[in-house]
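**Student:** one predicted model, sequence on top.
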Amino acid sequence: MKKIQNIVLLFLLFCTTIESSAQTVTELNQKLAQLFPKAEITQIDNLQGFTESFQLILDEPLDHKHPEKGTFKHYIYLSHIDFKSPMVIETHGYNTANIKSEVSSLLKANQVAVEYRFYGKSRPNPIPWEYLTNDQAIEDYHNIVVKLKELYTGKWISTGISKGGETALIYKSKYPKDVDVAMPYVAPLIDTEEDPRTIVHTKTVGSAACRAKVESFQRTVLKNREAVLEEFKKYAVAKKMDFTEVPFSEALEYAVLEFPFSFWQWGGKCDEIPLETAPAKALFDYLNKVVGVGTYNDKMYFNYLPSYYQHLSELGYYGFDFSPVEDLLQIVKNTSNNRFSPKGVPIKYNPKYIKKVRNYVETRGDHILYIYGGYDTWFSCSPKPNPKLDALKMVLPQGSHATRVKDFPEKEQSLILETLNRWLGESS
């Protein structure tokens, strides 16, 4: 009898535990539904360290000043620990999924990952280009933060990587009180449509011998154009890639022009660069490893249209250096990236937009913690905060665009964490 009673008690305890867990999930779900009454809310698998996670699909206004203009489906991902813990908002610059940021791990924080409007799943078809502006995107983030602050009462930190980090800086300049700390990674603030600092960087970073090998490789690929193109076409067939928007010969030239930028951006290794006598397959394979020729296939061409639109209208970008290979080019005649912008869409560059952002972060941007790799080409466009600001710019001397806090020496990691804790008021 006692055995049966014990089994019954265990069963009841089990049911109570399950019921309690369900109520906890329902409580957060209900609160989110109250905050975002028109959203589609779906519980998703937790990333490590979180207790509940949700995908929210918001009906986001195309134009925040004129909501009557319509909406688009906007995807965000909320990962929960505790309502009183810090909250990290990651302003992704492109498409995203539910990915844990390094900042969330460092601070044991909640996080909300926000896909950039008109990228990934948040892309309407066709794109209404006039609403793809940074100011509209910042209003997306601001509204999300204002609502979630009704639930999450701890400190707020914004972060992002590359274009996402640039977005975090723009957001900070527009709504400085929305977050307590901004922590952008490898974020450029670009001055012009073809910022010359990027070319200066590729001509001065690293050793002279390594830079010479980079230029030699560019020339070797184009001198062996036909044989390398055959390897390119074999690769495209194997990967089921189409190159109708940017044909093979043109894509090869752009990849060669892109090579110095990508080599330094991603921390290329000089001793891996193939020699002039290398076979065509080795030349193609290394070019593909550094640049990623798939960038020019039809699918990626389509995916990156919003990015080029933004770079050529407000963000600025970089141009190509023809000098090492100009005598070998047959197709590409323009140093601009505007070849990859949406066709038939009028684009006018606004040089004042990023200058205002730069002025804010460099002269008034307290509590911003910058992370950079010194070899990264985009480091050449990094802000230079006034030394009087309570800001911290950390540069890993030979780091790349993949540089993160974990890559710094222990002493520098300690400084980063101590600074974050001081700003967040968690240390005495």
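**Tutor:** Yep, it's here.

**Student:** who are the packing partners of the host helix or strand of residue 203?
**Tutor:** Per DSSP states H and E: residue 203 is located in helix 196-204. Helix 196-204 is packed against helix 208-223, helix 248-265, with contacts defined by 3 or more C-beta pairs under 8 Å, 6 or more residues apart in numbering; DSSP states H and E. C-betas here are computed from N, CA, C, even on glycine.

**Student:** so for the shortest one, mean pLDDT?
**Tutor:** On average, the pLDDT along helix 208-223 is 98.

**Student:** could you export it as CSV, CA atoms only?
**Tutor:** Extracted in CSV, the C-alpha atoms of helix 208-223 (Å, rounded to 0.1, in the frame of the first residue of the first chain):
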residue,chain,number,x,y,z
ALA,A,208,55.8,45.1,-47.5
ALA,A,209,56.7,41.5,-48.5
CYS,A,210,53.2,40.3,-47.7
ARG,A,211,51.5,43.2,-49.6
ALA,A,212,53.7,42.3,-52.6
LYS,A,213,52.5,38.7,-52.5
VAL,A,214,48.9,39.9,-52.4
GLU,A,215,49.4,42.0,-55.6
SER,A,216,51.3,39.2,-57.3
PHE,A,217,48.5,36.8,-56.6
GLN,A,218,45.9,39.2,-58.1
ARG,A,219,48.0,39.4,-61.3
THR,A,220,48.6,35.7,-61.4
VAL,A,221,44.9,34.9,-61.3
LEU,A,222,44.1,37.3,-64.2
LYS,A,223,47.1,36.1,-66.2
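
**Student:** now do that helix: which elements does it pack against?
**Tutor:** Other elements packing on helix 208-223 under the criterion 3+ C-beta pairs under 8 Å, 6+ apart are helix 196-204, helix 248-265, helix 280-291.

**Student:** now that helix: buried residues?
**Tutor:** Within helix 208-223, the residues that qualify as buried are 210, 211, 213, 214, 215, 217, 218, 220, 221, 222, counting by 16 or more other C-beta atoms under 10 Å.

**Student:** and the following helix or strand past that helix, how far out from the chain middle?
**Tutor:** Reading on from helix 208-223 to the C-terminus, the next helix or strand found by DSSP H and E is helix 225-239. Mean-position distance between helix 225-239 and its chain equals 30 Å (C-alpha atoms, centre = their mean, to the nearest Å).

**Student:** helices and strands around helix 225-239, which ones?
**Tutor:** In terms of contacts (3+ C-beta pairs under 8 Å, 6+ apart), helix 225-239 is packed against helix 248-265, helix 280-291.

**Student:** save those helices as a markdown table, and put in mean pLDDT, distance to residue 94 and mean neighbour count too.
**Tutor:** Formatted as a markdown table, those follow (pLDDT from 0 to 100; distance: least, C-beta to C-beta, whole Å; neighbours: other C-beta atoms under 10 Å):
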| stretch | mean pLDDT | distance to residue 94 | mean neighbour count |
| --- | --- | --- | --- |
| helix 248-265 | 98 | 16 | 22 |
| helix 280-291 | 98 | 18 | 19 |
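
**Student:** among those helices, which is nearest residue 405?
**Tutor:** Across these, the minimum distance to residue 405, taken as C-beta to C-beta, is reached by helix 248-265, at 19.1 Å.

**Student:** still on that earlier bit, and the buried residues of helix 208-223 as JSON lines, adding distance to residue 39?
**Tutor:** Conversion of the buried residues of helix 208-223 to JSON lines gives the following (distance: C-beta to C-beta, whole Å):
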{"residue": "210", "distance to residue 39": "51"}
{"residue": "211", "distance to residue 39": "51"}
{"residue": "213", "distance to residue 39": "53"}
{"residue": "214", "distance to residue 39": "49"}
{"residue": "215", "distance to residue 39": "52"}
{"residue": "217", "distance to residue 39": "50"}
{"residue": "218", "distance to residue 39": "49"}
{"residue": "220", "distance to residue 39": "54"}
{"residue": "221", "distance to residue 39": "49"}
{"residue": "222", "distance to residue 39": "52"}
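
**Student:** quick one: closest of the helices and strands packed on helix 208-223 to residue 382.
**Tutor:** Across those, the minimum distance to residue 382, taken as C-beta to C-beta, is reached by helix 196-204, at 9.6 Å.

**Student:** what residues does residue 113 make contact with?
**Tutor:** 76, 77, 79, 90, 92, 96, 97, 98, 99, 101 (C-beta atoms under 8 Å, 6 or more residues apart in numbering).

**Student:** which helix or strand contains it?
**Tutor:** Counting by DSSP H and E, residue 113 is found in strand 110-114.

**Student:** pop out the phi and psi values for residue 42.
**Tutor:** Dihedral angles phi and psi of residue 42 (degrees, to the nearest 10) take the values phi -130, psi 130.

**Student:** nearest residue to it other than its sequence neighbours?
**Tutor:** Leaving aside its chain neighbours, residue 42 sits nearest to residue 55 (4.8 Å; criterion: C-beta to C-beta, 6 or more residues apart in numbering).

**Student:** excluding its own residues, what touches the one helix or strand that neighbour maps to? List them.
**Tutor:** Using DSSP H and E, residue 55 falls within strand 52-61. Taking C-beta under 8 Å, 6+ apart as the criterion, the residues outside strand 52-61 that touch it are 24-25, 28-29, 32, 36, 38-47, 67, 69-80, 98, 117, 122, 139-140, 144.

**Student:** got it, and stretch 377-392?
**Tutor:** Counting contacts by C-beta under 8 Å, 6+ apart, the residues outside stretch 377-392 that touch it are 162, 169, 186-191, 195, 197-198, 200-202, 261-262, 264-265, 318, 358, 361-370, 372-373, 393, 395, 401, 415-416, 419, 423.

**Student:** distance of the residue nearest to residue 42 relative to residue 333?
**Tutor:** From residue 55 over to residue 333 the distance is 45 Å, taken as C-beta to C-beta, to the nearest Å.

**Student:** over to residue 413?
**Tutor:** In this structure, residue 413 and residue 333 are separated by 47 Å, where distance is defined by C-beta to C-beta.

**Student:** give me the more crowded residue out of those two.
**Tutor:** Neighbours per residue (other C-beta atoms under 10 Å) separate residue 413 from residue 333, with residue 413 holding more: 15 against 9.

**Student:** quick one: low-confidence parts of the stretch 251-400 of the chain?
**Tutor:** Along the stretch 251-400 of the chain, segments meeting pLDDT under 70 are nowhere present.
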